[in-house]
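[1] everything below, folded, please.
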Amino acid sequence: MNKIWLVIQREYLSRVKKKSFLLATLLTPLIFPAIMGIFVWIAMEEKETQSLRIIEVVDENKLFFLESSEQYAFSFSGKDLETSKKLVRNGDRYGFLYIPKFDLKDPTGIIYYGEENPSMNLISYLENNLKKKIEEQRLFESGIDPKIINEVRTKVGIKSITLDAQGAETVSDATVNYALGFSSGILIYIFIFVYGNQIMQGVIEEKSSRIVEILVSSLKPFQLMMGKIIGIGAVGLTQFLIWVLLIGTLSSVVIGVLGMQMPQQQALEMASPEIAESMPPGSDMAQIFQVISGIDFIGLTFSFIFYFLGGYLLYGAMFAAIGSAVDAPSDAQQFMLPVTIPLIVAYLGLFVFVLNDPNSNASFWLSIIPLTSPIAMMGRVSYGVPWTDLALSMGLLIGGFLFTTWMAGKIYRIGILMHGTKPTYKTLWKWIKTNQ
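    Residues are numbered from 1 along each chain as shown. This is a model prediction of the structure:
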């Protein structure tokens, strides 16, 4: 164990002391708040300086009057088609909307003219506006007053409450759960790929430089492999924690300078007992507070750390095994497929199955199988998962890590000293089966 600790120290300190590590660790948190601040500033400046965009409308039906908004105004001057096009070309109008005569049951032939490609928001705004007007006209022609329809339309909101076995009620929100599951799952996916690849690259470099031949003379290959996996994992965890602290701090500063407020600051303010008591029952703010107070942040944090480390250790062993079996990064590509496929399946499954329906059979199996559970289970944990499923998933992940470490150790022990040959899957299987 002492020798493994020495390898961990070597891997950790050799990487942390590099200028590239310091630059990446310090510059990355500066880039994100800077980019965010620039875009927020541009959006605020554009909103203040943006002039009203006038759109000429030629309605041959003489039925549709479109209401103006803060961004767009509609002109109904009665000009003909060619004159309206000329207004756009001369810059007197931002665009021109042509509404030909059509059957209200089949409104076709509507055209928008502009000197530049219209944004999706503009086209959507025009379509929704016209859709509403056409529906109102059809109701009017059917003898129904559109005002009556508008009066009877009712907005319905459903409050989601989760019941546990003891009968306790917890207010939840699917959007918040989706966001938590999405962000934590993607972070684990990125971490495994980035730092798993660093393990493979490190093993290949040491093997090609023959440094490993000196190292294995004083410690076992398995000890070297485990020390490398844990050491690089500690580097990644250190970098991640620094990023979280710096990005959070700098983002708060940037948002504060721009006169805005971070979401977490709003959440903390809402979570204070004084504000919670002052909120009217049933108000939107009171419901937001109930959702925040109903999130099990302790359980979510514990699960994230467990699957964060468990997934890395499981895949890190496989990346180390691949690195020990080849002499160059180009040779490693043939062995990357069995490693990347489960990760991609877990990534796609997170969006297709888990976040949409965390209690489906597909979500269950994705969160139980060790190769996909680090990513998929975080999507389920954010919604709340039975402790039996969580315990089974964690137990299998630990077992999966031990199995892949044992299998990778067999490959690493032989492959780390092999040079000049390009192993195949058959060769790797022989190394795994050997008893030496």
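[2] roughly how far apart are residue 96 and residue 59?
    12 Å (C-beta to C-beta, to the nearest Å). Placement of C-beta: from N, CA and C, glycine included.
[3] apologies, that question was intended for residue 83.
    15 Å.
[4] next: residue 331.
    Distance from residue 331 to residue 59, by C-beta to C-beta: 68 Å.
[5] so the two - more neighbours on which side?
    residue 59 (20 against 14; other C-beta atoms under 10 Å).
[6] residue 5 and residue 226 touch, don't they?
    No - look at residue 5 against residue 226 with C-beta atoms under 8 Å: they stay out of range, at 10.2 Å.
[7] more neighbours: the two, which one.
    residue 226 (24 against 13).
[8] quick one: average pLDDT of the longest helix that the chain contains?
    Criterion DSSP state H: the longest helix present in the chain is helix 221-257. In this model, helix 221-257 has an average pLDDT of 77.
[9] which strand or helix spans residue 57?
    strand 53-59 (DSSP states H and E).
[10] identify the residues contacting the helix or strand immediately after that strand in the chain?
    Per DSSP H and E, the first helix or strand lying C-terminal to strand 53-59 is strand 72-75. By C-beta atoms under 8 Å, 6 or more residues apart in numbering, the residues outside strand 72-75 that reach it are 52-57, 65-68, 93-94, 97, 122, 125.
[11] hey, C-alpha coordinates of stretch 238-248 in CSV?
    Below are the C-alpha coordinates for stretch 238-248, written out as CSV (Å, rounded to 0.1, in the frame of the first residue of the first chain):
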residue,chain,number,x,y,z
THR,A,238,-8.7,18.9,-7.7
GLN,A,239,-9.1,20.7,-11.0
PHE,A,240,-12.9,20.2,-10.9
LEU,A,241,-13.2,21.6,-7.4
ILE,A,242,-11.1,24.6,-8.3
TRP,A,243,-13.2,25.2,-11.4
VAL,A,244,-16.5,25.1,-9.4
LEU,A,245,-15.2,27.6,-6.8
LEU,A,246,-13.7,30.0,-9.3
ILE,A,247,-16.5,29.8,-11.9
GLY,A,248,-19.1,30.3,-9.1
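[12] contacts only, for residue 186.
    Applying C-beta under 8 Å, 6+ apart, the residues near residue 186 are 347, 350.
[13] residue 231 too?
    7-12, 15.
[14] recalculate using a threshold of 10 Å.
    Contact analysis of residue 231 by C-beta atoms under 10 Å, 6 or more residues apart in numbering lists 4-16, 199, 202.
[15] who wins for most neighbours among those?
    Going by other C-beta under 10 Å, residue 199 tops the contacts of residue 231 with 27 neighbours.
[16] mark which of the contacts of strand 72-75 are buried, thanks.
    For these, a burial check counting by 16 or more other C-beta atoms under 10 Å picks out 55-57, 66, 93-94, 97, 122, 125.
[17] the stretch 151-300 of the chain: strands as residue ranges?
    160-163, 169-172 (DSSP state E, counting those that start in this stretch).
[18] what's the mean pLDDT across the last one?
    Strand 169-172 carries an average pLDDT of 58.
[19] one more: the first one?
    The average of the pLDDT scores along strand 160-163 is 64.
[20] list the helices and strands the helix or strand harbouring residue 147 packs on?
    Residue 147 belongs to helix 146-152 when elements are defined using DSSP H and E. Applying 3 or more C-beta pairs under 10 Å, 6 or more residues apart in numbering; DSSP states H and E, one finds that helix 146-152 contacts helix 120-141.
[21] give me the contact list for the helix it packs on.
    53, 55, 57, 59, 61, 63-67, 69, 71-72, 74, 94-95, 97, 99, 102, 104-105, 107, 110, 112, 114, 117-119, 144-150.
[22] buried sites along that helix?
    122, 125-126, 129-130, 133-134, 136-137, 139.
[23] how's this protein carved up into domains?
    52-152, 172-433 (automatic domain parsing).
[24] deepest of these, which one?
    domain 172-433 (a mean of 18; mean count of other C-beta atoms under 10 Å).
[25] got the CA positions of stretch 76-86 in PDB?
    Extracted in PDB, the C-alpha atoms of stretch 76-86 (Å, rounded to 0.1, in the frame of the first residue of the first chain):
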ATOM      1  CA  PHE A  76     -51.000  48.900 -43.100                       C
ATOM      2  CA  SER A  77     -50.600  51.700 -45.700                       C
ATOM      3  CA  GLY A  78     -52.400  49.900 -48.500                       C
ATOM      4  CA  LYS A  79     -49.400  49.900 -50.900                       C
ATOM      5  CA  ASP A  80     -49.200  47.400 -53.700                       C
ATOM      6  CA  LEU A  81     -46.800  44.400 -53.900                       C
ATOM      7  CA  GLU A  82     -44.000  46.000 -55.900                       C
ATOM      8  CA  THR A  83     -44.100  49.300 -53.900                       C
ATOM      9  CA  SER A  84     -43.800  47.400 -50.600                       C
ATOM     10  CA  LYS A  85     -40.800  45.400 -52.000                       C
ATOM     11  CA  LYS A  86     -39.200  48.700 -53.000                       C
END
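[26] what's next to that stretch, contact-wise?
    Stretch 76-86 is contacted from outside by 55-60, 62, 64-66, 75, 87, 92-93, 95-98, 100, 111, 113, using C-beta under 10 Å, 6+ apart.
[27] including distance to residue 390, could the buried residues of helix 120-141 go into TSV?
    Output for the buried residues of helix 120-141, formatted as TSV (distance: C-beta to C-beta, whole Å):
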residue	distance to residue 390
122	47
125	46
126	49
129	49
130	51
133	53
134	52
136	53
137	56
139	53
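[28] pLDDT of stretch 379-391, averaged?
    What stretch 379-391 shows for mean pLDDT is 87.
[29] follow-up on the earlier one: ok, of the domains of the chain, where does mean pLDDT dip lowest?
    Among the domains of the chain, domain 172-433 scores lowest, with a mean of 79.
[30] so how far is that domain off the chain centroid?
    13 Å (C-alpha atoms, centre = their mean, to the nearest Å).
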